[in-house]
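Student: Sequence plus predicted model, see below.
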Amino acid sequence: MQFTPDIWQFIRDHQHDDVRTLALQAKKYPQLDMPFIINQIDGRQTAQHKIPSWYATEGIIYPVHLSLEQCSSELTALYKAGLLNGETFADLTGGFGIDCAFLSAGFQHATYIERQKALCDIATHNFNLLGLRHISVLNQDSVEALGKLSPVDCIFIDPARRNEHGAKTVLISDCEPDVAALEELLLRKAKRVMIKLSPMLDLSLALRTLKHTTEVHVISVQNECKELLLILENTDKNLSIHCINFTNKGTQAFTFVPQEEASATVQYTNQVATYLYEPNASILKAGAFRVVASRYNLKKLHPNSHLYTADTKVANFPGRCFEVEATGSMKDKTLLAGLSQANITVRNFPMPVAELRKRIKLKDGGDTYLFATTLNDEKKVLVKCRRS
């Protein structure tokens, strides 16, 4: 489908409309390709925040909702682009083409490979529109294409994480293609391989499965884990783990090696001090539970609580810092006196947030934060605090 002046005018006039309402009104516009238009309006509404530079480019064609939902954001694609460079590059699972477009900036020539012809047609149109004429589009199965691929400097692959029933998968062996089975072939075809995996994946299991991993990048946006990136190389250099959290105030970055985590000395405590610290989602996903305590000279509340405390405020802590107002049990009436709402977080506590909120009769929101957790002496407590 190509844009026409009438179609573009309709999209401009209705770009903020509810697409479900538009779909119900489609019969009012028999002269227009409404399924295409509705898909474009839906895509533009998503891209406005997810891919702002593409949203600002008139003429970009958007794919079906699932392909747009699964693609990277511009923010995470730009981060990935800083990790790969060279002369030649291949994206084995092109999809909508966001990663390929941004990653290709570091290369003289790139190849986009995708088995769905509709996505290849969209990518061809969009790459030409964006002036990315150094990208070749190949409509082919990724495994078949990999076997025929001439060696390149870098390969990117984002295996599908849904099974034939549409359910999300979390094991490498359940993804398509199975990158573990392709590991040796991938490294024969490229010096550096980047694999994008589900943030739900068990990282320790992934590292045991993909034995040539030299770097891990755990990417979060606003403290929500979005991507798990593994970089594979045929070298013997030590594995490094990079925890990145993009926030409105800047980027939180924390890097460590597994040996640091294993050897870190941690003090545990039965008392919550003046400040409470909660590492960001990337650090928790990466399992940096001990090294974050030793590096910032914090005490840990419990081996399994993953909350930390100190009497001093730590500058540039990679997470959230709270000033503690009081600590007590659920039965402590003075702790909750005068409170009608609070932001509740549960860490190593035998009750989910919804049940706890019902028990203590507090609405969600406000400036007060309650952490339900366990101290080193196994005492269950509520920590009342405010952002610091």
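Tutor: Yep, it's here. Residues are numbered from 1 along each chain as shown.

Student: send the alpha carbons of the strand ranked longest in the chain over as PDB?
Tutor: The longest strand of the chain (DSSP state E) is strand 363-374. Extracted in PDB, the C-alpha atoms of strand 363-374 (Å, rounded to 0.1, in the frame of the first residue of the first chain):
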ATOM      1  CA  LYS A 363      -5.000   3.200  48.800                       C
ATOM      2  CA  ASP A 364      -2.200   3.400  46.200                       C
ATOM      3  CA  GLY A 365      -0.300   6.600  45.700                       C
ATOM      4  CA  GLY A 366       0.900   9.600  47.700                       C
ATOM      5  CA  ASP A 367       4.400  10.600  48.900                       C
ATOM      6  CA  THR A 368       4.800   7.800  51.500                       C
ATOM      7  CA  TYR A 369       6.500   4.600  50.600                       C
ATOM      8  CA  LEU A 370       6.100   1.300  52.500                       C
ATOM      9  CA  PHE A 371       8.500  -1.500  52.100                       C
ATOM     10  CA  ALA A 372       7.400  -4.900  53.400                       C
ATOM     11  CA  THR A 373      10.400  -7.000  54.000                       C
ATOM     12  CA  THR A 374      12.400  -9.400  56.200                       C
END
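
Student: What strands flank the next helix or strand after it, and is each parallel or antiparallel?
Tutor: On the C-terminal side of strand 363-374, the closest following helix or strand by DSSP states H and E is strand 380-387. When sheet partners are counted by DSSP bridges, strand 380-387 sits next to strand 319-328 (antiparallel), strand 363-374 (antiparallel).

Student: Quick one, which of those gets closest to Val19.
Tutor: With CB to CB, the closest approach to Val19 among the strands paired with strand 380-387 belongs to strand 363-374: 28.8 Å. In short, each C-beta sits where N, CA and C put it, glycine included.

Student: Tell me how confident the model is about that closest one, as a mean pLDDT.
Tutor: Averaged across strand 363-374, pLDDT comes to 96.

Student: Which positions in it come out as buried?
Tutor: 368-374 (16 or more other CB atoms under 10 Å).

Student: JSON lines for the residues you listed, including distance to Val216?
Tutor: Converted to JSON lines, those look like this (distance: CB to CB, whole Å):
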{"residue": "Thr368", "distance to Val216": "36"}
{"residue": "Tyr369", "distance to Val216": "30"}
{"residue": "Leu370", "distance to Val216": "33"}
{"residue": "Phe371", "distance to Val216": "28"}
{"residue": "Ala372", "distance to Val216": "30"}
{"residue": "Thr373", "distance to Val216": "27"}
{"residue": "Thr374", "distance to Val216": "29"}
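
Student: Among the residues you listed, which one sits closest to Asp13?
Tutor: So of those, ranked by how close each gets to Asp13 (CB to CB), first place is Tyr369, at 44.2 Å.

Student: Can you tell me how far the closest one is from Lys313?
Tutor: 16 Å (CB to CB, to the nearest Å).

Student: Need the contact partners of the helix or strand hosting Leu182.
Tutor: Secondary structure from DSSP H and E places Leu182 in helix 179-189. Here helix 179-189 makes contact (CB atoms under 8 Å, 6 or more residues apart in numbering) with 90, 143, 146-147, 149, 151-152, 155, 157, 159, 172-173, 193, 195, 209-212, 232-234.

Student: and if we set it to 10 Å?
Tutor: In this structure, residues lying in contact with helix 179-189 by CB atoms under 10 Å, 6 or more residues apart in numbering are 90, 92, 142-143, 146-152, 155, 157-159, 171-173, 193, 195-197, 206, 209-213, 230, 232-234.

Student: quick one: buried residues of it?
Tutor: The neighbour-count check on helix 179-189 (16+ other CB under 10 Å) flags 179-180, 182-183, 186-187, 189 as buried.

Student: Would you mind giving those as JSON lines with pLDDT and distance to Val266 added?
Tutor: Formatted as JSON lines, the buried residues of helix 179-189 follow (pLDDT from 0 to 100; distance: CB to CB, whole Å):
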{"residue": "Val179", "pLDDT": "95", "distance to Val266": "34"}
{"residue": "Ala180", "pLDDT": "93", "distance to Val266": "33"}
{"residue": "Leu182", "pLDDT": "96", "distance to Val266": "39"}
{"residue": "Glu183", "pLDDT": "96", "distance to Val266": "34"}
{"residue": "Leu186", "pLDDT": "98", "distance to Val266": "38"}
{"residue": "Leu187", "pLDDT": "98", "distance to Val266": "37"}
{"residue": "Lys189", "pLDDT": "98", "distance to Val266": "43"}
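
Student: could those be laid out in a markdown table, adding distance to Leu301?
Tutor: Output for the buried residues of helix 179-189, formatted as a markdown table (distance: CB to CB, whole Å):
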| residue | distance to Leu301 |
| --- | --- |
| Val179 | 37 |
| Ala180 | 37 |
| Leu182 | 42 |
| Glu183 | 39 |
| Leu186 | 42 |
| Leu187 | 42 |
| Lys189 | 47 |
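
Student: related to what we said a few turns ago, need the buried ones from the contacts of helix 179-189 selected in ChimeraX.
Tutor: Per 16+ other CB under 10 Å, the buried members of the contacts of helix 179-189 correspond to this ChimeraX selection:
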select :90,92,142,146,149,152,155,157,158,159,171,172,193,195,196,197,206,209,210,212,213,230,232
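
Student: Point out the other helices and strands that the helix or strand bottoming out on mean pLDDT in the chain packs with.
Tutor: Across the helices and strands of the chain, the lowest-confidence element by mean pLDDT, DSSP states H and E is helix 65-70, at a mean of 85. With contacts taken as 3 or more CB pairs under 10 Å, 6 or more residues apart in numbering; DSSP states H and E, helix 65-70 sits against helix 34-50, helix 98-103, helix 117-129.
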